[in-house]
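Chemist: Return atomic coordinates for the entry below.
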Amino acid sequence: MADSMIRLAFGNTIVTLALSRPLSRQSEGLLVPANVRGVMAAGLAGEIRVRAGRDVEDELLAHRPLSIGRAYRTGPGRLSALGVKVLAHAVTSNEPGTPPQPIQSERGLRAALELLEETGMRTVTLPLVEVARGQAGGAAHGRSYGSLLTSHLRRRSRLREVTIAGLDRDFLTGLDAYLREAGAIPIKA
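Modeler: All right, here's what the predicted structure looks like:
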């Protein structure tokens with residue numbers, strides 16, 4: 001991935017791959033990795049708690065008990081000023097700061113995509129999450145992520161724009177390669 005942003009058309013959906021932090025790419029819906037305790041302490045969840053306000057964490061805690069592989073909706077807090085309407089908290093780990101197993105991330109990502117569809121979101125931002133089992137390297141993770149995403153989009157998805165943002169260039173390169181092999185068409189700027 002030579003560019004910091006690549007746009008592809010996949011069916012009726014524009015997929016943007018961005019070498020940037022997820023919060024720098026605003027959409028109506030945003031996936032947030034979460035833990036079963038609902039504590040937004042680290043990583044993207046911690047960044048969102050700071051920027052959106054504690055009310056978002058309080059709203060997530062009201063959904064307890066949280067289950068691995070499920071997604072829970074909250075409002076955007078102060079992120080509404082950026083156009084965010086819904087946060088989809090995908091529960092992927094047991095404790096704050098504990099890295100999730102790829103199968104947990106896969107289940108959480110699938111649940112969050114379904115939740116965002118159900119709430120009527122048309123533009124969403126997704127962070128990079130490792131969904132590859134038994135594979136090492138960012139490119140392999142990107143290819144597995146691409147497989148999961150294209151599977152979702154092929155099932156009559158109403159999503160019109162999906163932005164996938166993160167700072168792992170190899171992951172995004174693997175994702176880009178997979179999407180093109182699956183039939184995505186590059187969009188020239």
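Chemist: what about residue 81, neighbour count?
Modeler: Neighbourhood size, residue 81 [other CB atoms under 10 Å]: 11. Using the backbone N, CA and C atoms, a C-beta is placed for each residue, glycine as well.
Chemist: What's the separation between it and residue 30?
Modeler: Here the criterion is CB to CB, to the nearest Å. By it, residue 81 lies 14 Å from residue 30.
Chemist: Likewise for residue 82?
Modeler: In this view, residue 82 and residue 30 are 10 Å apart by CB to CB.
Chemist: of these two, who's got more company?
Modeler: Counting neighbours by other CB under 10 Å for residue 82 and for residue 30 shows that residue 30 has the greater number, 31 against 15.
Chemist: does that one belong to a helix or a strand, and which?
Modeler: strand 29-35 (DSSP states H and E).
Chemist: hang on, the earlier thing: now for residue 82 and residue 30: what residues contact both?
Modeler: Taking CB atoms under 8 Å, 6 or more residues apart in numbering as the contact criterion, the common neighbours of residue 82 and residue 30 are residue 76.
Chemist: Show me the residue at the heart of this structure, geometrically.
Modeler: residue 126 (2.3 Å; CA atoms, centre = their mean).
Chemist: so what strands line up beside the helix or strand containing it?
Modeler: Using DSSP H and E, residue 126 sits within strand 123-127. Here strand 123-127 has these sheet partners by DSSP bridges: strand 29-35 (parallel), strand 161-166 (parallel).
Chemist: Do me a favour and average the pLDDT over the longest one.
Modeler: When you say that, I think you mean strand 29-35. Strand 29-35 shows a mean pLDDT of 97 in the predicted model.
Chemist: after it comes which helix or strand?
Modeler: On the C-terminal side of strand 29-35, the closest following helix or strand by DSSP H and E is helix 43-52.
Chemist: Point out the most buried one among the strands paired with strand 123-127.
Modeler: Most buried of the strands paired with strand 123-127 by mean neighbour count (mean count of other CB atoms under 10 Å) is strand 29-35; its value is a mean of 26.
Chemist: Going along the chain, name the strands of the chain.
Modeler: With DSSP state E, the ranges of strands along the chain come out as 5-10, 13-19, 29-35, 71-74, 86-93, 123-127, 161-166, 185-186.
Chemist: packing partners for the fifth one?
Modeler: In this case it means strand 86-93. Using 3 or more CB pairs under 8 Å, 6 or more residues apart in numbering; DSSP states H and E as the contact definition, the elements that strand 86-93 packs against are strand 29-35, helix 43-52, strand 71-74, helix 102-118.
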